[in-house]
Structures are given as C-alpha cells and as structure tokens.
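Colleague: Here is my input, please return the structure:
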Amino acid sequence: MLAFPDVQVLDVTGPLEVFNAATRLLEADGRGREGYVTEIVAASAGPVRSSGGIELVARRGMRSVVGSLDTLMVAGGFGTRSVASDRSTIDWLRRAAPRARRVASVCTGALLLAEAGLLEGRRVATHWAFAEELGRLYPDIDVDSDPVYIKDGNVYTSAGVTAGMDLALALVEEDHGRDVALVVARWLVMFLKRPGGQSQFSAQLASQVAEREPIRDVQAWIAEHPGAVVSVEALAERACMSPRNFARVFAREVGLTPARFVERTRVEAARRRLEETRASVEEVARDCGFGSAETMRRAFLRHVRVGPADYRHRFQSTG
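Modeller: Reported below is the predicted structural model:
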C-alpha cells in the first residue's frame with residue numbers, strides 16, 4: 001500500500017484491515033491456506049503523517065520494493081495532488097505496476113494511477129466529488145462517478161474512503177471465495193455487497209440532507225414503501241403541508257423533485273431485488289412500483305445506464 005504525506009488514513013488502514021481479517025480467518029481454519037502479507041511503503045521508510053494527523057509507519061521506501069508483487073494498492077487523500085507532481089513517485093508506479101498481478105487505487109489514488117499512465121482507455125471509479133475533475137484532467141479515461149468500485153482488466157479502482165474496504169473485500173472474494181469474504185464481512189460488520197450494490201449513492205442518503213423533519217419522514221416512508229402508489233398530494237398530506245409548498249420545499253432541501261426521488265428510490269429497491277433474489281424482472285417491476293417491466297427498463301437506462309436484465313447478469317450475488 002503506497003502512502004504519502006496528507007494521505008487519507010482510512011484509505012490505507014481500511015483495506016489493510018480487511019486483508020488482515022481474512023488472513024486470521026484462513027490461519028485459524030487449519031486448512032493451510034495462505035493469507036496476505038501486507039506492508040505500507042512510502043517515498044522513504046519511517047512515519048507518514050495522514051491528513052487527520054495520525055502517523056502511519058512505512059516499513060521501507062518504495063525504491064527498495066523489488067521483484068514481483070501480488071497486489072499494488074495506492075491510497076488517496078488531500079496529498080494526491082502534490083504527489084502527482086512528484087516524478088520519482090509517479091515513475092516508480094509506472095515501473096512497479098507491470099510487476100504486479102493487479103493494481104488498485106482507493107478514492108483519489110486514481111489520480112496517481114492516471115498520472116502514471118496506468119488508466120488509459122480504462123473505465124475507472126473515484127470519489128464522486130473528484131470524478132468530474134479526474135475526467136477533465138485525463139480525457140483518455142472513462143470516469144464513472146456512480147460505482148463503489150470497478151474492475152477493468154487487472155486494474156481496480158474504488159470510490160471514496162470506506163469504498164476501499166468494499167474493494168478489498170471483493171479482492172478477498174476473488175482470491176478465496178464467497179464464504180471467506182462473507183465471514184470477513186460479518187466480522188468487520190460490513191455488507192458483503194452494500195445495499196444498492198454498485199452505487200456510491202443511496203436515494204435514502206438524501207434524507208440526511210433535508211433539514212425539516214416532515215420531509216425526512218416522507219423520504220423514509222418512500223424508501224420503506226417503494227411499491228406504493230404515490231402522488232405529490234398524498235405525500236404533502238403526510239407531511240402536513242400544502243402540495244405546492246411541499247413540492248417547493250422538497251426540491252429545495254433534497255435537490256430532487258418528489259417524482260424524481262420516488263423514481264430513484266424505486267430503482268434502488270429494484271437493484272437490490274435483482275441482486276439478491278430470483279424474482280422475474282416483471283415481478284420486480286410490479287413490487288417496486290413501476291407497473292411494467294418496460295417502465296422499469298426506461299428508469300434503469302436513465303439512472304444506471306443498463307437495463308434490468310443486463311444489470312442482474314452483471315451484479316447478481318451467487319451462492
């Protein structure tokens with residue numbers, strides 16, 4: 001794991017803790033399966049001060065890392081912009097990447113991989129707040145601000161901060177299977193796949209934005225009843241507001257019209273059903289309030305950019 005001054009400490013410690021938990025589990029089961037040997041490297045050995053003030057200790061400098069590597073991970077954080085202009089670090093990444101079985105970044109660590117030329121022509125994820133800038137700086141890469149993590153060949157990129165743990169858990173599942181990853185997820189009190197699967201955003205997260213409690217209550221109700229028949233009038237009555245005032249306040253505080261929020265919530269509910277159940281597309285559409293599979297397909301194309309059947313093919317959990 002490459003760290004640097006002003007690194008985001010969770011970008012480093014989160015994924016490493018996932019690998020550590022997997023290693024302890026594998027060692028305890030007595031079947032002789034190998035876990036992970038992890039280390040933090042930096043420009044030089046010694047303490048590395050994170051953006052939160054916590055000091056991490058790099059066992060050695062990056063130039064002493066020789067030979068083949070299994071996984072090369074790059075953390076993110078406020079310090080990435082400074083490191084991106086450090087030619088020695090970028091040149092080391094460019095030379096080390098071909099020696100690794102796989103290369104991964106957490107959060108804005110994607111900037112360093114991009115600067116090293118390792119993301120050209122690839123679809124990548126990064127923190128949602130940095131996605132537009134990354135795409136502008138490096139127009140030869142396809143930046144997707146929605147997924148928690150993306151695998152493109154042997155290059156893995158993830159979204160902000162805790163998404164690095166989601167990515168690490170996916171790598172554990174890739175290496176040792178779903179059963180091991182599931183136990184690790186339970187031990188760390190994580191989702192094996194967070195609800196909504198691949199999305200950095202949940203429609204329910206918008207409820208944290210609304211200031212007025214009646215609006216938050218309505219949002220929670222919508223999330224709990226995605227299949228319900230709703231109208232602005234009915235929602236306004238639930239909030240004890242006039243329809244006109246409700247629509248205006250809702251849009252101002254949430255950033256979405258009530259209709260748009262309902263659609264996003266239904267898409268999220270449908271995504272979970274498609275990932276976690278064997279219900280038909282038609283059943284999912286009916287249960288999540290779309291009425292028809294075609295209406296749900298159009299909503300998926302607007303929000304997810306793939307149809308429901310294709311989404312299930314890509315992301316349905318296996319067991």
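Colleague: now the residue of the chain positioned farthest from its centre: how far from residue 259?
Modeller: Using Cα atoms, centre = their mean, the residue of the chain lying farthest from its centre is residue 242. It sits 38.1 Å away. Separation of residue 242 from residue 259 (Cβ to Cβ, to the nearest Å): 17 Å. Heads up, the C-betas are built off the backbone N, CA and C, glycines and all.
Colleague: Same question for residue 28.
Modeller: Noted for residue 28: a distance of 52 Å to residue 259, by Cβ to Cβ.
Colleague: who has more neighbours, those two?
Modeller: Counting neighbours by other Cβ atoms under 10 Å for residue 28 and for residue 259 shows that residue 259 has the greater number, 15 against 8.
Colleague: So what's the residue count around the residue nearest to the more buried one when sequence neighbours are not counted?
Modeller: Distance criterion Cβ to Cβ, 6 or more residues apart in numbering; nearest residue to residue 259, sequence neighbours excluded, is residue 232 at 7.6 Å. Other residues within reach of residue 232, judged by other Cβ under 10 Å, total 16.
Colleague: Identify the residues contacting residue 232.
Modeller: 243, 246, 247, 258, 259 (Cβ atoms under 8 Å, 6 or more residues apart in numbering).
Colleague: if you set the cut-off to 10 Å instead, what comes out?
Modeller: Residue 232 is in contact with 243, 244, 246, 247, 250, 257, 258, 259, 262, counting by Cβ atoms under 10 Å, 6 or more residues apart in numbering.
Colleague: which outside residues touch stretch 149-156?
Modeller: By Cβ under 10 Å, 6+ apart, stretch 149-156 touches 71, 73, 97, 100-106, 110, 113, 118-119, 121-126, 141-144, 157-159, 163-164, 166-171, 174, 198, 200.
Colleague: I'd like to know which of those are buried.
Modeller: Among the contacts of stretch 149-156, those buried by neighbour count (16 or more other Cβ atoms under 10 Å) are 71, 73, 97, 100, 102-106, 110, 113, 118-119, 122-126, 141, 143-144, 157-159, 163-164, 166-171, 198, 200.
Colleague: Restricted to helices, list those.
Modeller: Among the buried ones among the contacts of stretch 149-156, DSSP state H puts 110, 113, 163, 164, 166, 167, 168, 169, 170, 171 in helices.
Colleague: Check the residues you listed and tell me the two furthest apart.
Modeller: Farthest pair in these (Cβ to Cβ) is 113 and 169. Separation: 20.3 Å.
Colleague: and the protein, what are its domains?
Modeller: The chain breaks down into these domains under automatic domain parsing: 9-187, 203-315.
Colleague: Spell out, range by range, the strands that occur in the stretch 51-200 of the chain.
Modeller: 55-58, 60-61, 69-74, 100-105, 123-124, 142-143, 149-152, 155-158 (DSSP state E, counting those that start in this stretch).
Colleague: so which of these gets nearest residue 238?
Modeller: Per Cβ to Cβ, nearest to residue 238 of the strands of the stretch 51-200 of the chain: strand 149-152, 36.8 Å.
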